[in-house]
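# No sequence on hand, only this structure:
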């Protein structure tokens, strides 16, 4: 027998349920905002990585002690968003390296074409 209504977790508040339903989306948009700040050097990427490490380690160290479901959801959102932000410097490095490789390849192709022309 199936019921049409949503399942309500025992002891959870309306805010906790709201956060849980949207936590991935919230964490993603926080990470996007902070990532933009890191890319444009408004926040040092060293500071972003250090904060991410502290928040993620803090989450794993203290999450089990949180009694409030709302606090647990907020902590999860903070940890995930910071873990995503920690990836920004790595992605910038990878994209920058690929861009340099592409420019080098184009330069080599241009030189080969220029030296092989019969003018």
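Received, thanks. Source: prediction; values computed, not measured.

# So what's the residue count around the residue nearest to residue 86 when sequence neighbours are not counted?
Nearest residue to residue 86, sequence neighbours excluded (C-beta to C-beta, 6 or more residues apart in numbering): residue 52, at 3.8 Å. Placement of C-beta: from N, CA and C, glycine included. Number of residues near residue 52 (other C-beta atoms under 10 Å) recorded here: 23.

# per-residue confidence at residue 52?
If you check residue 52, the pLDDT there is 93.

# Any buried residues in the host helix or strand of it, and which?
Here residue 52, judged by DSSP states H and E, is contained in helix 45-62. Using 16 or more other C-beta atoms under 10 Å as the test for burial, helix 45-62 gives 45, 48-49, 51-52, 55-56, 59.

# which stretches of the protein have low pLDDT?
Residues of the chain that meet the criterion pLDDT under 70 lie in 1-11.

# Could you find the closest non-adjacent residue to the residue sitting nearest the centre point of the chain?
Nearest to the mean C-alpha position of the chain, by C-alpha atoms, centre = their mean, lies residue 84 at 1.9 Å. Setting aside the residues directly before and after it, residue 84 is nearest to residue 31 in space (C-beta to C-beta, 6+ apart), at 3.5 Å.
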